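Novice: what follows is a protein structure lacking sequence information:
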């Protein structure tokens, strides 16, 4: 049923999305645009957002409870905050058909796998943990777009008991959204994203907090310009979501934070000693690496 | 001769630019577009860049030495790296006419003032230290544009011995470039920019160095996405320029770095204790401050 490449003849009869925000809504829109799904059902906490999702054609209908929502579903996408994941898993678990594949879009994977082992224990062969790498500063169904995942990476972290056809389904659907699917262990995923995503968010929040908590913050902000704008863009992200991510990936994030603190200690010594050669060496290595990376990446 | 607002009847006969890169070249182009200058003379280290500046119409001619360059100049703009400032000041000092106004575009001001006191001691009444706040990731005359300073801040930090007409000239010219001119002491300037510009640069360099120096850096970079791109954009800046800025503003930058390190220590404790409420409070305060700032700023 699912080939390695996306097969346009293939169609899901029923896709259920828990959490019809930027991430879940964009998944829905992209699959609809690809002709990969017949009916999309939305479930969520906020009636207003679900009504907006209906109005915008992101979903076809709203389900009133988890039991009726997942009935006969081909795929259930859990695009809720990590903090709500356990409750949603527990609510759908008794009602899943044997064939229904479940996946998620959480930014951390070890915790989601642990939750699935606890709350979806009868369904682990068809649970495919996944993380689409797409910016999430905006939120809500109104922010969703069919093109969000084009050219992006999606990491899947299947467990040992997984049914290969479930992995293929999730892979093919993300490819239909225009994404590149990469596979790794949940541990490796969480270590990589602690370094390249979670730590930078923590550092940006810390810098803004640093300035915002001073008595002359208004004056300081009035002189901040383009470099500050870009550096702190991710500090505009959802506090609730980032609290959850930091807690969920606490161990790996603490390790990364400590490596970074040691790096700042080294730079502190270089500054104290006015060691221009050492500073220039660090800046030079970093700027070359950054520019080489940026010239390769297009997303 | 110089009113508070820009007077289109006013024209410099001769503007000399030392360092015809992004900053000096954009100043030249903006003044030319405003009809504020008759002749623009360029002086620089790199023959190729000066030839490019001539070809692009950024300057009208190249001067072969500092003495002939500054002869009869109305204004001399020192848009060189901080590390070259002393040598350039010393080379022009004996040849300045009494009426010639000198200004600079350096990112730090206490050090430039100290250099002027040493190397332009006979000309302090007509030296106006200035700092245009404009991104400088790109460089060279080819990157210059007439619109670079539109809507930007330019900070001037005049010394006590300054002739008010020299301040008015520099103010009117920057306003002709579309900038807003703000005045403060060199000390206040350096403290403000240590917080909102120099520290963020140091932090971005540190994060990229952190990742670039690991054995699995290639894998890590391959998963970095939009948030990382924006956070690290300023780490692509000139290593030489940022070495000079860090050394020139060492005291204020060390103070800011230590405040930030204390902030990271606090976040480390919150993570260790899995204190979600405390983390959310910091993230919430920071994201509100950041989004309020971003919605006000347009540059």
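Specialist: Structure received. Just so you know, these numbers come straight off a predicted model, no measurement behind them.
Novice: excluding chain neighbours, give the residue nearest to residue A:25 in space.
Specialist: Spatially, and ignoring its direct neighbours in sequence, residue A:25 is nearest to residue A:144 (2.9 Å; Cβ to Cβ, 6 or more residues apart in numbering or on different chains). Where you see a C-beta, it was placed from the backbone N, CA and C, and this is true even at glycine.
Novice: please apply the same query to residue A:150.
Specialist: In space, residue A:150 is closest to residue A:178, 3.5 Å off (Cβ to Cβ, 6+ apart).
Novice: let me know the secondary structure of the one you found.
Specialist: coil (DSSP: H, G, I helix; E, B strand; the rest coil).
Novice: ok, residue A:145 next?
Specialist: coil.
Novice: which ones are touching it?
Specialist: Taking Cβ atoms under 8 Å, 6 or more residues apart in numbering or on different chains, we find residue A:145 in contact with A:26, A:29.
Novice: go on, residue A:272?
Specialist: Going by Cβ under 8 Å, 6+ apart, residue A:272 touches residue B:254.
Novice: okay, residue A:13 and chain B: tell me how far apart.
Specialist: As judged by Cβ to the nearest Cβ, to the nearest Å, residue A:13 and chain B stand 33 Å apart.
Novice: also residue A:36?
Specialist: For residue A:36 relative to chain B (Cβ to the nearest Cβ), the value is 24 Å.
Novice: tell me, how many residues neighbour that residue?
Specialist: A count of nearby residues for residue A:36, using other Cβ atoms under 10 Å in any protein chain shown, gives 21.
Novice: next: residue A:89.
Specialist: Residue A:89: 25 neighbours (other Cβ under 10 Å).
Novice: would you confirm that it contacts residue A:113?
Specialist: No. Between residue A:89 and residue A:113 there is no contact, the gap being 11.4 Å when judged by Cβ atoms under 8 Å.
Novice: where's residue A:170, which helix or strand?
Specialist: Residue A:170 belongs to helix A:164-176 when assigned by DSSP states H and E.
Novice: buried stuff in the next helix or strand after that helix?
Specialist: For helix A:164-176, the following helix or strand on the C-terminal side (DSSP H and E) is strand A:180-183. Within strand A:180-183, the residues that count as buried by 16 or more other Cβ atoms under 10 Å in any protein chain shown are A:181, A:182.
Novice: next one: the lengthiest helix in chain A to chain centre, how far?
Specialist: Looking across chain A with DSSP state H, the single longest helix is helix A:250-272. How far helix A:250-272 lies from its chain's middle: 26 Å, per Cα atoms, centre = their mean, to the nearest Å.
Novice: so it versus helix B:250-272, what angle?
Specialist: 170 degrees (axes from the mean of the first three to the mean of the last three Cα atoms, to 10 degrees).
Novice: show me what counts as buried in the helix or strand following helix A:250-272.
Specialist: Once helix A:250-272 ends, the next helix or strand along the chain (criterion: DSSP H and E) is helix A:276-296. Burial within helix A:276-296, assessed by neighbour count using 16+ other Cβ under 10 Å, is assigned to A:276, A:278-280, A:282-287, A:289-291, A:293-294.
Novice: and for stretch A:97-111?
Specialist: Neighbour counts over stretch A:97-111 (16+ other Cβ under 10 Å) mark A:100, A:101, A:102, A:103, A:104, A:105, A:106, A:107, A:108, A:109, A:110, A:111 as buried.
Novice: bridged to the closest residue to the fifth one other than its chain neighbours, which residues?
Specialist: By the measure of Cβ to Cβ, 6+ apart, the closest residue to residue A:104 outside its immediate chain neighbours is residue A:78, 4.1 Å from it. Each beta-bridge partner of residue A:78 is listed here: residue A:18, residue A:104, as defined by DSSP bridges.
Novice: separation between residue A:78 and residue A:90?
Specialist: 12 Å (Cβ to Cβ, to the nearest Å).
Novice: what is the burial count for residue A:151?
Specialist: Neighbours of residue A:151 using other Cβ under 10 Å come to 11.
Novice: that's all I had, so thanks and see you.
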